[in-house]
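*Asks:* coordinates for the following, if possible.
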Amino acid sequence: MEYISTRDKNLSFNFKDVFLRGLAPDGGLFIPKEIRTYNELEIKTLRSLSYTDLATEIISNFCIPDIKKNDLKKVIKKSYESFTTKDVIKIKKIGDINLVELYHGPTLAFKDIAMQVIGHMYDNLQVAKTKTVNIVVATSGDTGSAAIAALSNKKNINLFVLHPHNKISNIQRKIMTTIGGDNIYNIAIEGSFDDCQKIVKGLFNDNSFREKINMSGVNSINWARIICQIVYYFYSFFKMKKNNISFSVPTGNFGDIYAGYIAKKMGLPINKLIVATNKNDILQRVINTGEYKPDKVKQTITPSMDIQVASNFERLLYYILDENDSRVGSLMNDLSSKNSFNLEKKEINEIKKDFEAVKITDEETVSIIEEIYKKHKFIIDPHTATGVGAAQSFKNIGDTVVLGTAHPYKFRDTIKKAIGKNLESPEHLKLNIDKKETFDIISNSSLEVKNYILGKIQ
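*Replies:* Predicted coordinates:
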């Protein structure tokens, strides 16, 4: 498989390059030069596969020959041994809601589904066999803990996790800061997730620093994250045993829903992909108006979506702009220099062939959680609630599947407010709520983060 950059399709990379770098050297994002499309007969064949076999089939399209198919199957099987359900995900009918539970991994969020695979891919690709790899990642709440669970105590691997100080839930933070071995470093940045993400991107673009520390990344811009997430779109579509299915996805950095877009490009007959946002509604604005203009990040009860710069949107732009890498680069330059860019009417229409977008407020989110509990005695987390609200906004769209992105326990304060009930920790989550947390608070400074990392590895 050959990869290119969204900003320069003359650049060429293999999967191992893409896996390790995360960000292309020109600042663009990696995408495959070609995407395999399954025909109807092939789609029919895929329907009968188990989750792990389906994952092997889908993911192998993107990583051969760097990872052999037989080895990939072993990686995937090992990755999901710690999940509490045999099929990795669960599909439930809650009244008229079709819910896909993606949170049965070790840290109770959909991020585990990709991150566990990535952890074992580091072993398979032997990238840390002779030289220590330093992984730097920004998290809006769940990526960090998933990365820690996947990479803790890995030989010759250090993990530095940046999270926005006091802007994620207490449980999200405690999962990150009370687990992990001596190779894990938690950094609380005095700023927003966008600030954390900007620092990480800056470190990747600093070739001297990146090479000096042998840096790698596992944020949602890492293509390996995307390809692992494609699988559950196929699997849940098949389990629904219907056609004309849409997906409603709580979305911050646009990675999870972009995986659905790739699934559709691969031949899965998805109808619409519904972007569910909170008050940080940049994706709703750009999809409905064409204006991409980051605002100040607003703190909400759905902290994993408190993002104003949705990095993976650049990958969609590449296809919306007829694979015009120069125009993508130009728009990204406008974003950097003018803090905004605007799409043309035909480009907005192209996006709306596949996407819809809805903003759900905090008040609506709490109301949705309360209503579902009253009617069905079932509890969903606030992010999933935005997905439910967005799905309910469309009455004539056909059957819609809502992605349940996190276990409600991770947001127990909001849940208590909504239903008046304290949630107990799931048995498989090894979290001592009173255990001492380990993290360092650093100002919103790329230089300070660099010095921190160098101080820990030298």
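
*Asks:* which non-adjacent residue is nearest I262?
*Replies:* Closest residue to I262 in three dimensions, ignoring its sequence neighbours and counting by Cβ to Cβ, 6 or more residues apart in numbering: I230, at 5.4 Å. The C-beta positions use only the backbone N, C-alpha and C, and glycine is treated the same way.

*Asks:* need the contact list for N134.
*Replies:* 157-158, 160, 213-216, 453, 457 (Cβ atoms under 8 Å, 6 or more residues apart in numbering).

*Asks:* quick check: phi and psi on it?
*Replies:* Main-chain dihedrals, N134, degrees, to the nearest 10: phi -110, psi 110.

*Asks:* F439 is in contact with Y452, correct?
*Replies:* No: using Cβ atoms under 8 Å as the test, Y452 is too far from F439 to be in contact (11.6 Å).

*Asks:* now for these two: what residues contact both?
*Replies:* I187.

*Asks:* how about the contacts of N134 in TSV, adding distance to T251, secondary structure and neighbour count?
*Replies:* Converted to TSV, the contacts of N134 look like this (distance: Cβ to Cβ, whole Å; DSSP: H, G, I helix; E, B strand; the rest coil; neighbours: other Cβ atoms under 10 Å):
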residue	distance to T251	secondary structure	neighbour count
I157	29	strand	20
N158	30	strand	21
F160	26	strand	25
I213	31	helix	21
N214	32	coil	17
M215	27	strand	22
S216	25	strand	23
I453	30	helix	21
I457	34	helix	14
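
*Asks:* closest to P408 among those residues?
*Replies:* F160 (29.0 Å; Cβ to Cβ).

*Asks:* stretch 20-35: end-to-end distance?
*Replies:* 21 Å (Cα to Cα, to the nearest Å).

*Asks:* outside of it itself, list whatever touches it.
*Replies:* By Cβ under 8 Å, 6+ apart, stretch 20-35 touches 1-9, 11-13, 18, 62, 125, 127, 133, 201, 204-205, 207, 216-219, 221-223, 262, 265-266, 311-312, 314-315, 318, 325, 328-329, 332.

*Asks:* with adjacent residues omitted, what lies nearest to C63?
*Replies:* F15 (4.5 Å).

*Asks:* for V286, same thing?
*Replies:* That would be Y292: by Cβ to Cβ, 6+ apart, it lies 4.3 Å from V286.

*Asks:* the one you found against N339, yeah?
*Replies:* No: contact criterion Cβ under 8 Å: Y292 and N339 do not qualify, at 9.7 Å.

*Asks:* neighbour count: these two, which is higher?
*Replies:* Y292 (23 against 11; other Cβ atoms under 10 Å).

*Asks:* phi, psi for that one please.
*Replies:* phi -110, psi 100.

*Asks:* gap between it and F204?
*Replies:* Counting by Cβ to Cβ, to the nearest Å, the separation of Y292 from F204 is 21 Å.
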